[in-house]
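Undergrad: the sequence isn't on hand, but the structure is:
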């Protein structure tokens with residue numbers, strides 16, 4: 001994972017979790033877990049936390065719910081990405097090229113949450129309705145139970161239908177074919 005912090009004045013900090021890292025402090029690590037908690041932005045800094053999943057021979061005798069042994073999640077380290085002074089000058093933060101935070105009108109905005117809200121209100125309902133309009137393309141059975149075929153609960157389909165018909169009064173729910 002690569003984090004890039006862009007600051008006013010032209011400074012760019014780059015944090016790379018994949019390269020130049022010695023894994024020795026986390027013996028038995030088979031899976032790394034990084035947490036970037038954006039709620040920290042209002043505090044004294046922005047921290048990246050690391051955790052790892054230890055797979056030890058001793059755990060083989062304790063099968064998990066699927067019968068496989070379960071690795072144990074262990075605390076790793078905390079890394080300061082931006083302190084309070086840095087946050088005052090931070091213009092944008094990206095994770096693997098995707099903007100996560102951006103300064104808008106002088107305030108840091110959680111772009112990840114904003115993008116999610118946009119997708120939920122604009123993108124995903126259109127995807128659902130588009131799939132439902134073409135049941136023969138989605139299912140060879142002609143859309144017997146489309147909610148299962150497309151992995152969307154019936155309640156979500158109904159909510160998307162209501163939203164769609166309330167914003168386009170020329171169509172009725174019947175014309176949406178679900």
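TA: Cool, got the structure. Bear in mind the structure is a predicted one, so any value in this text is a computation, not a measurement. Residues are numbered from 1 along each chain as shown.
Undergrad: C-alpha only now, for contacts and for neighbours.
TA: Fine.
Undergrad: can you pull the buried residues of the worst-scoring helix or strand of the chain on mean pLDDT?
TA: Lowest by mean pLDDT, DSSP states H and E among the helices and strands of the chain is helix 135-138, with a mean of 71. In terms of neighbour count (16 or more other Cα atoms under 10 Å), helix 135-138 has its buried residues at residue 135.
Undergrad: show me what counts as buried in stretch 118-130.
TA: For stretch 118-130, by 16+ other Cα under 10 Å, it's 125-126, 128-129.
Undergrad: make TSV out of those and add distance to residue 90.
TA: Formatted as TSV, these follow (distance: Cα to Cα, whole Å):
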residue	distance to residue 90
125	34
126	35
128	37
129	40
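Undergrad: which one of the residues you listed is nearest residue 154?
TA: residue 128 (10.9 Å; Cα to Cα).
Undergrad: ramachandran angles for residue 154?
TA: phi -50, psi -40 (degrees, to the nearest 10).
Undergrad: mind checking how far it is from residue 136?
TA: Applying Cα to Cα, to the nearest Å, the value for residue 154 to residue 136 is 18 Å.
Undergrad: cool, residue 113 as well?
TA: Residue 113 is 35 Å from residue 136, by Cα to Cα.
Undergrad: which residue is nearest the centroid of this structure?
TA: Residue closest to the average C-alpha location in the chain (Cα atoms, centre = their mean): residue 112, at 7.6 Å.
Undergrad: who's in contact with that residue?
TA: 99-101 (Cα atoms under 8 Å, 6 or more residues apart in numbering).
Undergrad: which of those residues fall in strands?
TA: Counting by DSSP state E, the contacts of residue 112 place 99-101 in strands.
Undergrad: what strand or helix carries the residue nearest to the centre of the chain?
TA: Applying DSSP states H and E as the criterion places residue 112 in helix 111-118.
Undergrad: what's the mean pLDDT across that helix?
TA: Helix 111-118 shows a mean pLDDT of 95.
Undergrad: buried residues in it?
TA: residue 111.
Undergrad: now do the very next helix or strand once past it: which elements does it pack against?
TA: Per DSSP H and E, the first helix or strand lying C-terminal to helix 111-118 is helix 124-133. Here helix 124-133 touches helix 146-150, helix 154-167, going by 3 or more Cα pairs under 8 Å, 6 or more residues apart in numbering; DSSP states H and E.
Undergrad: what do you get if the cut-off is 10 Å, keeping everything else the same?
TA: helix 135-138, helix 146-150, helix 154-167 (3 or more Cα pairs under 10 Å, 6 or more residues apart in numbering; DSSP states H and E).
Undergrad: a markdown table for the ones you listed, including distance to residue 92?
TA: Formatted as a markdown table, those follow (distance: least, Cα to Cα, whole Å):
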| stretch | distance to residue 92 |
| --- | --- |
| helix 135-138 | 40 |
| helix 146-150 | 36 |
| helix 154-167 | 33 |
